[in-house]
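**Q** Mind looking at a prediction? Sequence and model below.
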Amino acid sequence: MWHGIIMAGGSGTRFWPLSRELYPKQFLSLVGEKSLLHGTVNRLLPLFPQEQVWIMVGTKHESETKRTLSSLPKGSSGQLSPRIFVEPQSKNTLPPLALASAFIKKMDPEGVLCVMASDHLISPEEKFLALMKQACLTVEQNDVILTFGIPPKRPETGFGYIEKGSPVDTGKFGQAPCFHVTKFVEKPSRPVAEAFFKDKTHLWNSGMFVFRATVFLEEIRKYQPKLHSLVEALEVTIGTPSEEQAIRDFYTQAPNISVDYGIMEHSTCVWTMASEIDWKDVGSFNALDEISDHDEKGNVLRGNVIAIDSEDSIIFGDKRVIATIGIKNLVIVDTDDATLISTKDDLQKVREVVSELKGKKRVEALEHRTTHRPWGHYTIIDQGPHYKIKRVTVNPDARLSLQMHLHRSEHWVVTSGTARVTLDDQEVYLHVNQSIDIPKTARHRIYNPGKVPLVIIEVQNGEYLEEDDIIRFQDDYNRIKSVNPQGESC
């Protein structure tokens, strides 16, 4: 069987302030109404049943991934069924691919993995699927790792490159030419990129790979023997009660290494397919110049924007009006709690902004004022030393986890809808303008039994108000952990 593997562990730094650590760019809707992740999954479904799509995510992104994909059509089981595989730690790309290969080998010894990122744009989709089918058929018959190489459209210093070697005859499997890979090249300087563009022997490295699980694990044995030993120890636990602990142990000991450094740059069985498709790696705001519509002066405008005598700029407005006069070559992005202003040439320094915010422990690096959860969403209205005020919206027939806090008390006031509140051994109904106090260490839960959204104002008081001060006892969304990861809320 063929299995689609989507790598969705991004940290969200280059698209700040639209993206945050808890809401990275794969959740953004940069083209159309659907998120990049949603588009990637949809792109695969004509070739892969939902049950054979795996999405590799970090612990902080599990809930948002499920919410983002909730509008997908249900699989053959009648349920939303892409497998969301939660990584206990971030260990780059090789460990999760080793893990996925071990699981797929266990259930499907001849299984083929088709690996791609969650944040790429690819068209036309019919041609992409034809190339993916060719790749799968090719690796079924050959002990190789097949990469998707993209013929360069320009001298690009932001991508890695693949140097083509001798051609490979793939016979009846398709029309796209394949080649042995001579070497992988990291992001080059401008003169080198210009030489690559002219010589026609180099392709952009798209980061998409296709291989059989058994072949990939054998390459890990050759070139990463320590990692292979960890995989072998994990394999014997798959499907047993000790599987979850074994995965945690695997991630604790696995090296932090990319698949390119760990395998691709060493392996002698890598082929590349020259893939004539429109492929875009949406790496930073500059990518919007390629994928977005422009006005008559070359601007990309979205939201509440008035641009007068402004040229070649990217301007994202939100609730406030953003008005520009006489600007050129700028990027302006406004959100509820942060505004970015940069020249296009300096966008690589956005990471420095995020790093400084993290160093100062600013919440703007972590999350938006409005944060989505499986049961609804909340918006931070105000906060200061020892207090935080939220507007919490609970969807009809949804409820938060049964939980308690060690460091804060809460006061809830209903402003819309009806709430059913569990407080230790009591259960009460609250209507508009009614309130309740939640003391520290009290077990509590709120449920919306009505047909309209329930809205409450929540006032938190305490010496520690971060989102990891939650101990869950029951949860409808399987978020009970032995240790609650930071960023899991309500």
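**A** Cool, the structure landed.

**Q** give the contact list for Phe209.
**A** Neighbouring residues of Phe209 by Cβ atoms under 8 Å, 6 or more residues apart in numbering: Leu113, Cys114, Val115, Ile145, Leu146, Thr147, Phe148, Val259, Met264. (Glycine included, C-beta is placed from N, CA and C.)

**Q** Might you report the residue contacts of the nearest residue to Lys349 once chain neighbours are set aside?
**A** Leaving out its chain neighbours, the residue that sits closest to Lys349 by Cβ to Cβ, 6 or more residues apart in numbering is Ser342, at 7.3 Å. Shown in contact with Ser342 (Cβ under 8 Å, 6+ apart): Leu330, Val331, Lys349, Val350.

**Q** Can you pull out the low-pLDDT segments for the stretch 101-250 of the chain?
**A** Within the stretch 101-250 of the chain, the stretches with pLDDT under 70 are 171.

**Q** starting at the chain centroid, how far to the longest helix along the chain?
**A** The longest helix of the chain (DSSP state H) is helix 125-141. Its chain's average C-alpha position is 24 Å from that of helix 125-141, according to Cα atoms, centre = their mean, to the nearest Å.

**Q** following that helix, which helix or strand shows up next?
**A** strand 145-150 (DSSP states H and E).

**Q** Provide the contact partners of that next one at residue level.
**A** Outside of strand 145-150, the residues within contact range by Cβ under 8 Å, 6+ apart are 131, 135, 138-139, 162, 164, 178, 181, 203-206, 208-211, 215-216, 219, 263-264, 267, 269-275, 277, 279.

**Q** Export the host helix or strand of Leu113 to PDB, keeping only CA atoms.
**A** Taking DSSP H and E as the definition, Leu113 sits inside strand 112-117. Extracted C-alpha coordinates of strand 112-117, given in PDB (Å, rounded to 0.1, in the frame of the first residue of the first chain):
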ATOM      1  CA  VAL A 112       5.600   2.800   0.400                       C
ATOM      2  CA  LEU A 113       6.000   6.200   2.100                       C
ATOM      3  CA  CYS A 114       5.300   9.400   0.200                       C
ATOM      4  CA  VAL A 115       6.800  12.200   2.300                       C
ATOM      5  CA  MET A 116       6.000  15.900   1.800                       C
ATOM      6  CA  ALA A 117       5.700  19.100   3.800                       C
END
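
**Q** Can you list the buried residues in the helix or strand following it?
**A** Using DSSP H and E, the helix or strand that follows strand 112-117 in sequence is strand 120-123. Residues of strand 120-123 classed as buried: His120, Leu121, Ile122 (neighbour count, 16 or more other Cβ atoms under 10 Å).

**Q** partners of the last one in the sheet?
**A** Put plainly, it is Ile122. Trp279 (DSSP bridges).

**Q** my read: it touches Asp278, true?
**A** Yes - with contacts counted by Cβ atoms under 8 Å, Ile122 reaches Asp278, the gap being 6.9 Å.

**Q** re the thing from before, next one: the residue nearest to Lys349 relative to Met264, how far apart?
**A** Distance check for Ser342 against Met264: by Cβ to Cβ, to the nearest Å, it reads 33 Å.

**Q** now swap in Glu218 and tell me
**A** 14 Å.

**Q** now stretch 331-349: mean pLDDT?
**A** For stretch 331-349, mean pLDDT is 94.

**Q** re earlier: possible to save the buried residues of strand 120-123 as a markdown table with distance to Thr371?
**A** Putting these into a markdown table (distance: Cβ to Cβ, whole Å) gives the following:
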| residue | distance to Thr371 |
| --- | --- |
| His120 | 26 |
| Leu121 | 26 |
| Ile122 | 30 |
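
**Q** Quick check: the gap between Thr393 and Ala419.
**A** Distance from Thr393 to Ala419, by Cβ to Cβ: 12 Å.

**Q** Just want to know which of these two has more residues nearby.
**A** Ala419 (25 against 22; other Cβ atoms under 10 Å).

**Q** got a list of what the more buried one touches?
**A** So, once contact is read as Cβ under 8 Å, 6+ apart, Ala419 ends up touching Val394, Trp412, Tyr429, Leu430, Ile446, Tyr447, Asn448, Leu454, Ile456.

**Q** go on, Leu97?
**A** Ile5, Leu113, Val115, Phe216, Val259.

**Q** The second one and Ile5, how far apart?
**A** Remark: distance between Leu113 and Ile5 (Cβ to Cβ) = 5 Å.

**Q** joint contacts of these two?
**A** Leu97, Ala100.

**Q** State the next helix or strand along the chain beyond the strand ranked longest in the chain.
**A** Determined from DSSP state E, the single longest strand within the chain is strand 202-212. Downstream of strand 202-212, the next assigned helix or strand under DSSP H and E is helix 213-223.

**Q** Tell me which residues of that following helix come out buried.
**A** Buried residues in helix 213-223 (16+ other Cβ under 10 Å): Ala213, Val215, Phe216, Leu217, Glu219, Ile220.

**Q** What's the local residue count around the nearest residue to Arg14 once chain neighbours are set aside?
**A** Spatial nearest neighbour of Arg14, excluding adjacent residues (Cβ to Cβ, 6+ apart): Ser284 at 4.6 Å. Residues near Ser284, counting by other Cβ under 10 Å, number 18.

**Q** so what's Ser284 scoring on pLDDT?
**A** Per the predicted model, pLDDT is 85 at Ser284.

**Q** And for the one 3 residues further on?
**A** In the prediction, the pLDDT value recorded for Ala287 is 87.

**Q** residues contacting the closest residue to it other than its chain neighbours?
**A** Leaving out its chain neighbours, the residue that sits closest to Ala287 by Cβ to Cβ, 6+ apart is Lys280, at 6.4 Å. Listed by Cβ under 8 Å, 6+ apart, the contact set of Lys280 reads His120, Leu121, Ile122, Ala287, Glu290, Ile291.

**Q** Kindly recompute the last result at 7 Å.
**A** Contact analysis of Lys280 by Cβ atoms under 7 Å, 6 or more residues apart in numbering lists His120, Leu121, Ala287, Glu290, Ile291.
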